[in-house]
Structures are given as structure tokens and as C-alpha cells.
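In: With the sequence up front, the predicted model follows.
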Amino acid sequence: MEDVTLERCVELDSRYVMHTYKRLPVAFVRGKGTRLWDSAGREYLDLLGGLGVVVLGHGHPAVTAAIEQQAERLLHTTNLYYVEPQALLARTLVEGVFPGSKCFFCNSGAEANEGALKLARKYHFLCGDPRSKVVCLLKSFHGRTLVTLSATGQPAKWEPFGPVVEGFVHVAMNDVAALEEAVDGSTAAVLIEPVIGEGGVYPLEDEFLATARRLCNQTGAVLIFDEVQSGMGRTGTFLASSASGIKPDVLTLAKGLANGIPVGVFMGVGEFGDVLEPGDHGTTFGGGFLACAAGLACVGTILDEKLAVNAAEVGGVLKSALEEMVGTVPHVTGVRGRGLMLAAQLSEPVAREVVMDCLGRGLVVNDVAPDAVRMLPPLTLTQEEALEGARLLAEAVTAVGERGGVL
Ligand SMILES: Cc1ncc(COP(=O)(O)O)c(C=O)c1O
């Protein structure tokens, strides 16, 4: 592959790629651990991990070895035949993460949620009581397909693509009374992110999750937890929902499942693992050799090395450092999140400028909202790196405030 300068890359992208992303002016070409290097050779501390995907850090040796070995052996045969790494990854996920369940592998978070919703509809069909209403949350994000967009509680994302798929109802997060009002005997599923991610990083309260569980038990609705972003150990436990002790009927994972190789999964526990039958659902690429071999190495490493514990400890250090900014760094007004899923709230909508300024200082973070900066670093982050990141962010917010007077 030819080497291209950033300018040339921008030019090619602008001419040949649809303009669906507001890209930042940098092209990363190499990564190791929590560090990235751009096309000009500049080094960055990566506190974003490819939007929560690179859970083990860049170029993790276990994942690299698994990819290399699998690429040499076999890349594709389809799901017409048995796929060894898929069966092994399923065992690891079921026994290590969601006991008593069964898996369906796909390629993304959106596909995982789409499949979970199909499962919920089929479940009620089998019960002789077809249902299609799904209760979701405002500010939630579940994907970009038409169904998962309809589930997403951010109207601006689906308005241009209307009419949305019927049956999705949205209630405010942590509003127990609204949830009680919305879930009834016609509800097929309640779909919830235990920690809302794209909507701004908002952990849901235990009482709210417990209410969702109780209402589903009472009405027969299927409880689906979308842990595409909050799962994989990021919040201090492998599943964010484990901290509350509440278990879903169906669980979705993606993002960090293979440290950067696309893979998603939905898992149904008990009877929900047997709802879909031959012919009901399928995919050409899902559960492929490469993705599952990488997933096996990734999930195995997270479990063996107890990286969720590191996420809790280092996340605590990062959160404290961010909290210290409230009151000392003008315009940082609050901190949200758990483990290594955190956001700093700003008093003004200048998160994009702050992110740009951070890039200039060699720090990668994300403007999850116009007035909030998000961090989803690799779970291998050290305390020193957490403090380095917090210091650079503080400098950036201060500089943006002083420069533009916008803040
Ligand atoms: C909670 C959640 N669900 C679903 C998705 C969609 O995943 P994907 O982009 O892999 O389709 C995302 C992506 O950000 C997400 O954060």
C-alpha cells in the first residue's frame, strides 16, 4: 500500500468517500498499547480507544498472534459448516460472562440489537401473543439500521430517514414512574443501555434497572441490555449491569469483543437461547474465523488478567483527577460515568474546540456532546497515563477558555 500524506488523504477522502463523518484533521498510522502515532510521526496518548473498541490497547500480542495464526489457516467457509473458533468463543462468553445462555454472532452492535429485537418478537409469536412494542430510553443509542435507529432515543438521528419503524416508545432515563407507565401487556421488549454511552455517558440507577426487571417479569416483556459500549469490563465489572445484580433475558455485546476486528453477539439466557430456529436468522460473515479467533484472545485476556479490576482502579484515579478540575479548572462543571467510561461536563458548548486543542497536545478524547468530553481508554491504562491525560485535558480546557473567551 502506498504511503500518503495527511493532505493527500484528506483530498482522496473528500473526492471518493461519502461525507458522513465530521473527521478531525489527523490520520493515525500506528499504535502500541495506549499510544498512537500519526502520519507525521507525532505521538498521542489514546484515551478513546477507537470509541471503546480497543480494550486491550493497540497491537496487543495475544490478539495479533491469534489473527496471524487464523489468517494462515483459514478465513472463511460460512455458517453452513461448523466454525471452531465460534464455538470456542461462545463457550468462553457463556461460561465466563452470561451463564446459561446461547450466542448468535454478527458483525456490529447494530446487528446485535437488531437480532435481539427479532428474538423478542419471535418469542411472543411462539407464545401465541404477537407483540411489537419496544420501550427504550431518551438519549439512548442502539445503532444506525432502520430498526436500531427507531430504537435510538435521539430524534435528530432518525428524523431525516422517517417514517421510523413503528412501535418504539421512549421514556426518560431513571424515571421509574414513566417506565411503569410505558411497559404493559403489549410490550415485546424493554431495551436499555445500563450506562448510556453515545447519549453523553449516564449510568442508570440500580432502582431503575430493578424496575425494568420487575416490569418485564410482570408483563412477559423481554429485558434486553445493550452492553455494546458499557460491556467488556469497561465499567469495572465485565458487564456494567452486574454491578446492580440485575440480569437481562437477552444481552448484546460488540465494540471491544475482538479489540478492533468487527464482531457482535446477542445472547439469550434459558428459554431465550432457543427461540430462534434454523432459517430464522443468519449472516454471511458473522461469527467468522478471524473475528472469533481474535475475540477468543481478547475475551480470554480480559478475564485472565482481570482487566475489569484495573478499569475500576485506574478509572477511579482518572475520575478523581477529573473531579479535582471541578472548581479548579474554570468551566469544568461535573464528571459522569464509571470505571473507564467517563465524561467531563463543560459549562459551554466548546467540546469540539477542547478535543482539537487536546490533539495539539498529543491527547485523544471525544466530544460526545457539544458540552461534554468523553473518555473510553483501553482497560490496560496505567495510573500515570490517567493522570497525564487529566493534566493535558485541564490544560486544553484552560487554553480554549483563555483563547477564544468562548467559555
Ligand atoms: C450502546 C451502543 N449500542 C449499539 C451501538 C452500535 O454499534 P455499531 O456501530 O457497531 O453498529 C453503539 C455504537 O456506538 C453503542 O454505543
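Out: Received the coordinates, thanks.
In: going forward, measure contacts and count neighbours with C-alpha atoms only.
Out: OK.
In: And the residue nearest the centre of the chain, how far from Ala294?
Out: The centroid of the chain falls nearest to Gln229 when counting by CA atoms, centre = their mean (1.8 Å). Gln229 is 18 Å from Ala294, where distance means CA to CA, to the nearest Å.
In: list the buried ones in the least confident helix or strand in the chain by mean pLDDT?
Out: Least confident helix or strand of the chain, by mean pLDDT, DSSP states H and E, is helix 155-158 with a mean of 93. For helix 155-158, a neighbour-count test (16 or more other CA atoms under 10 Å) marks Trp158 as buried.
In: Using CSV, write out every CA atom in whatever helix or strand comes next after it.
Out: With elements assigned by DSSP states H and E, the helix or strand that comes after helix 155-158 is strand 168-171. C-alpha atoms of strand 168-171 as CSV (Å, rounded to 0.1, in the frame of the first residue of the first chain):
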residue,chain,number,x,y,z
PHE,A,168,-40.8,2.2,19.7
VAL,A,169,-41.6,4.2,22.8
HIS,A,170,-39.1,6.4,24.6
VAL,A,171,-39.0,7.3,28.3
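In: Helix or strand next in line after strand 168-171, which one?
Out: According to DSSP H and E, the helix or strand after strand 168-171 is helix 176-182.
In: Now do that following helix: distance to the chain's middle.
Out: Using CA atoms, centre = their mean, to the nearest Å, the mean C-alpha position of helix 176-182 is found 26 Å from that of the whole chain.
In: for the nearest residue to Leu75 once chain neighbours are set aside, what are its contacts?
Out: Spatial nearest neighbour of Leu75, chain neighbours left out: Phe289 (5.7 Å); criterion: CA to CA, 6 or more residues apart in numbering. Phe289 is in contact with 70, 74-76, 83-86, counting by CA atoms under 8 Å, 6 or more residues apart in numbering.
In: just the buried members of those residues?
Out: Buried members of the contacts of Phe289, counted by 16+ other CA under 10 Å: 70, 83, 85-86.
In: Which of these sits closest to Leu137?
Out: Set against Leu137, the nearest of the buried ones among the contacts of Phe289 by CA to CA is Gln86 (32.1 Å).
In: beta partners of Val169?
Out: When bridges are called by DSSP bridges, Val169 pairs up with Val135.
In: So what's the residue count around it?
Out: For Val169, the number of neighbouring residues by other CA atoms under 10 Å comes to 19.
In: Check Asn217 too.
Out: By other CA under 10 Å, neighbour count at Asn217 equals 12.
In: again, but for Glu388
Out: Residues contacting Glu388 under the criterion other CA under 10 Å number 16.
In: ok, and the closest non-adjacent residue to Gly295?
Out: Ala258 (3.9 Å).
In: Repeat that for Pro377.
Out: Leu47 (4.1 Å).
In: From the ligand, how far out is the one you found?
Out: From Leu47 across to the ligand, the span is 16 Å (CA to the nearest ligand atom, to the nearest Å).
In: Then Thr284?
Out: 16 Å.
In: now swap in Thr77 and tell me
Out: Per CA to the nearest ligand atom, Thr77 is found 23 Å from the ligand.
In: again, but for Arg214
Out: 22 Å.
In: Ok, Leu342 next?
Out: For Leu342, the distance to the ligand (CA to the nearest ligand atom) stands at 13 Å.
In: so that residue touches Leu322, yeah?
Out: No - assessed by CA atoms under 8 Å, Leu342 is found out of contact with Leu322, at 9.3 Å.
In: Which residues of the protein lie near the ligand?
Out: Residues of the chain lying close to the ligand (CA under 6 Å from any ligand atom) are 108-110, 141-143, 193, 197-198, 226-229, 255.
In: ok, so of the residues you listed, who is nearest Gln383?
Out: Gln383 lies nearest to Gln229 out of the residues of the chain next to the ligand, by CA to CA, at 22.1 Å.
In: what pLDDT does the closest one get?
Out: You'll see Gln229 listed with a pLDDT of 98.
In: what sits against it?
Out: Counting by CA under 8 Å, 6+ apart, Gln229 makes contact with 52, 197, 253-256.
In: could you redo the last one with a cut-off of 10 Å?
Out: Gln229 sits next to 51-53, 109, 141-142, 193-198, 235, 239-240, 252-256, 341, 376 when contact means CA atoms under 10 Å, 6 or more residues apart in numbering.
In: helices or strands next to the longest helix anywhere in the chain in the packing?
Out: Using DSSP state H to define each element, the chain has its longest helix at helix 383-404. Judged by 3 or more CA pairs under 10 Å, 6 or more residues apart in numbering; DSSP states H and E, helix 383-404 is in contact with strand 43-46, helix 307-325, strand 332-338, helix 351-360, strand 363-364.
In: Enumerate the positions of it that are buried.
Out: Using 16+ other CA under 10 Å as the test for burial, helix 383-404 gives 383, 385-390, 392-401.
In: ditto for stretch 277-295
Out: Under the neighbour-count rule (16+ other CA under 10 Å), stretch 277-295 has 285-295 buried.
In: Closest to the ligand out of the residues you listed?
Out: Nearest to the ligand, judged by CA to the nearest ligand atom, of these is Gly286 at 12.6 Å.
In: May I have stretch 151-165 exported as CSV, CA atoms only?
Out: Only the C-alpha atoms of stretch 151-165 are listed here, as CSV (Å, rounded to 0.1, in the frame of the first residue of the first chain):
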residue,chain,number,x,y,z
ALA,A,151,-35.0,2.4,19.0
THR,A,152,-32.4,5.2,19.4
GLY,A,153,-33.8,7.9,21.7
GLN,A,154,-32.3,10.8,19.7
PRO,A,155,-34.8,12.1,17.2
ALA,A,156,-32.2,14.2,15.3
LYS,A,157,-30.5,11.0,14.2
TRP,A,158,-33.6,9.4,12.7
GLU,A,159,-35.7,12.4,11.5
PRO,A,160,-34.3,12.6,8.0
PHE,A,161,-35.0,8.9,7.5
GLY,A,162,-38.6,8.7,8.5
PRO,A,163,-41.0,7.2,8.8
VAL,A,164,-39.4,5.3,11.6
VAL,A,165,-40.3,1.7,12.3
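In: what ranges of the chain fall below the confidence cut-off?
Out: The model of the chain has pLDDT under 70 over residues 405-407.
In: One more pass at 80, please.
Out: Scanning the chain for pLDDT under 80 picks out the ranges 404-407.
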